[in-house]
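K.L.:
Below: sequence and its predicted model.
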Amino acid sequence: MAIHKDNIRNITITGHASKGKTTLCEAMLNLAGATDRMGKIADGNTVCDFDSEEKKRKIGINSAVASTTYKGKTINFVDTPGLFDFAMGAAEGVRAADTAIIVVSARSGLAVGAEKAFKNAGSRGLARIFVTTKMDDERADFYKSFNAIAAKFGTQACPVVIPVIAGGKVCSYYNMVEDKAYEYNNGAKKEVTPSPDDMPRFDAIKAVFAEAVASTDEELMEKYFEGEELSKEDKIKGLKIGIADGSIIPVFALSGATGVACDMLLDFIADVCPSPSSEYAIDSNGEPVELTADENGPLAAVCFKTVADPFIGKLSYFKVVSGKITPSTPAFNASTGKEERMGKIVKMFGAKQIDVSELSAGDIGAVTKLSGFSTGDTLCSPDNVVKLDGVNIPVSTYKMAINAVKKGEEEKIASGLIRLSEEDPSLAFAMNNETKQQVISGLGEQQLEIAVSRLKDKFGVDAKLSVPKVAYRETITRKVSAQGRHKKQSGGHGQFGDVFIEFEPFDTEKLVFAERVVGGSVPKNFFPAVEKGLNECMEKGVLAGYPMVGVKATLYDGSYHPVDSSEMSFKMAASLAFKEGITNAMPVLLEPIVTLKAIVNDDAMGDVIGDINRRRGRVLGMTPNSDGTQEIIAEVPDAEMTTFSTSMRQITQGRGSFTTEFARYDRAPEHIAQKVISESNL
């Protein structure tokens, strides 16, 4: 049976790590009647942290969807990880949701992860709610957290549920919408009348709330200025307008661990939070087209998450923007232009799949065994092809080489990592043909460690990580001439080739071959053999065995034998000339230089520049951004970038980001070159 979009709420729970996101989700699922009792992260029995690695490490790694019903509304919770290494999960949640609940610990206050979650949710136009959880902790300070939120994000921060504190402890919670206070005792809730002495800031907070709500609507504003009390219906009306347009950011105090006051947040989600609205897509002509959340409209659904499990098969999570998905719907992929047979349609409750007959506009669910769909792809009708915005995939910046513990299992590693990167597109895998290493890249050390662990658990292959090799180059610095003479006699026809070659530095990636032979000392038909011999030698330099660049070789003399000379003879002669000539041409080692573009907060800029300098980097310039950050542009040797991701995160407390792009090769300093040469085993 179709669910009308007005009765759907898509909520992502996001924020910094270890602030109580999964616990809050667990509390609301229990209050909604979806579970018999609350699970605990420590016990490994929560709905949303069901992955074996999550249970083992007691942290969130993946986004998880849990759908339930409450007050006649279908609520799809998307619980997301808070660690920066698993930012892909947060990106999935933001793409699927219409409202973001940003969790802040009332004990430790506003954290960087909450700031980033606020920004990411705002970039997609989501409604935003702050929840200060862990109010059961004796060190909790709601007002300190609220003031930090207001200072950072402005006067839009609007208190909705606040704690009433007596004797230094929370004794009840006041709901501004209902204008009532409630006391919670062993799961029982009752209305109470707090003492004015326990609410010294109440009048000021109530005025802030009333003014924020009234300012969203002319009728409400007129009522407010005339001194009339706003009714519950008035407040809900104003909150609906304000949360949808971003002029109001509600703030709730509660305890996820005990479930206290979580019911008021759940009521707010059902009564106030926006239902799915229209989105813009791009049609087959490249033109924008508006799609409304209408089950009778043209089909358009975005794949916001993929699970590729070797046992349960592929599971594609969709948010239906328009139309509906049914078993008879052709699974047409707008990105690939290919059609598949629709798989089984399910709603998700953590790891549990619940069969449904359809997914209608605005709803979230999953489809099994759609092999051709990847995260970010659009499912649509082949008669009305459109592309929706995909998922904002975080840029991978941390790289390591991955090696098989047992020889011969490299193919298993490759196939396993390709499957894992289907689940997590921020995890990338490639074969570096120069260094002959398999390289895995991601957002941080923990992400790669877990990928290695999953390789063993899911695909039965042991692997280990190591620092990746650097793709150095070698070149020459002066002009020399060399002779290569190859002569061999072993009965019958012998081998004879004799060449004189001039080697000189030249601005080129590949070998430049030229000839100025006169008098036929080397017949023209042997020129290609000489060039081939030199090109083969260019693949392995004389210093450390790295490829040669920047060399021009000119064949200018030689001799041949009418019987014993052959292509092989001249190829060997060229090789001998190369080894002698390059060795005498003052060869040097070149190291790759990357252009670094780093976005940093002002107070961290000096430390980041200092770190770049310690890495032998050179800052080229700085540009201020409109959001108060600075962009640093620098050139840094690639060999020094291995740990930059970790340092950047530590220095900026996770606020910074960066990208790198290959720039050029430069001569390596002598001490670096000697170290590389000594380790080359040539």
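P.N.:
Perfect, I can see it now. Numbers count the residues shown, from 1 in each chain.
K.L.:
Kindly give the local confidence score, pLDDT, for the spatially closest residue to Ala261 that is not a sequence neighbour.
P.N.:
Distance criterion C-beta to C-beta, 6 or more residues apart in numbering; nearest residue to Ala261, sequence neighbours excluded, is Leu254 at 3.7 Å. All C-beta spots, glycine's among them, are computed from the backbone N, C-alpha and C. Leu254 carries a pLDDT value of 98.
K.L.:
Repeat that for Gly313.
P.N.:
81.
K.L.:
Quick check on it: phi, psi?
P.N.:
Gly313 has phi and psi values of phi 90, psi -170 when expressed as degrees, to the nearest 10.
K.L.:
who does it bridge with?
P.N.:
Counting by DSSP bridges, Gly313 forms beta bridges with Asp309.
K.L.:
Asp136 is in contact with the residue nearest to Ala261, correct?
P.N.:
No - using C-beta atoms under 8 Å, Leu254 is not in contact with Asp136, being 9.3 Å away.
K.L.:
Compare those two and say which one has the larger neighbour count.
P.N.:
Set Leu254 next to Asp136 and count neighbours by other C-beta atoms under 10 Å: Leu254 wins out with 29 against 17.
K.L.:
Flag the shaky bits of the stretch 401-550 of the chain, pLDDT-wise.
P.N.:
Along the stretch 401-550 of the chain, the parts satisfying pLDDT under 70 run over 490-492.
K.L.:
Let's see that with 90 instead.
P.N.:
433-435, 458, 488-494, 517-520 (pLDDT under 90).
K.L.:
Helices of that one, residue ranges please.
P.N.:
Ranges of helices in the stretch 401-550 of the chain, per DSSP state H, counting those that start in this stretch, are 410-423, 445-459, 527-538.
K.L.:
Name the residues that touch the first one?
P.N.:
Residues from elsewhere that reach helix 410-423, judged by C-beta atoms under 8 Å, 6 or more residues apart in numbering: 62, 306-308, 310, 314, 374-375, 402, 404, 427-429, 431, 438, 440, 451, 454-455, 458-461, 463.
K.L.:
How far off centre is that helix?
P.N.:
18 Å (C-alpha atoms, centre = their mean, to the nearest Å).
K.L.:
Which pLDDT value goes with the closest residue to Pro425 other than its chain neighbours?
P.N.:
By the measure of C-beta to C-beta, 6+ apart, the closest residue to Pro425 outside its immediate chain neighbours is Ile393, 4.8 Å from it. Looking at Ile393, its pLDDT is 96.
K.L.:
which ones are touching Ile393?
P.N.:
Listed by C-beta under 8 Å, 6+ apart, the contact set of Ile393 reads 88, 91, 375-376, 425-426.
K.L.:
Among these, which one is most surrounded by other residues?
P.N.:
Counting neighbours by other C-beta under 10 Å, Met88 comes out on top of these with 28 neighbours.
K.L.:
and Gln447, how many neighbours does it have?
P.N.:
23.
K.L.:
how near is it to Phe459?
P.N.:
17 Å (C-beta to C-beta, to the nearest Å).
K.L.:
Where does Ile165 sit: helix, strand or coil?
P.N.:
Three-state assignment for Ile165 (DSSP: H, G, I helix; E, B strand; the rest coil): strand.
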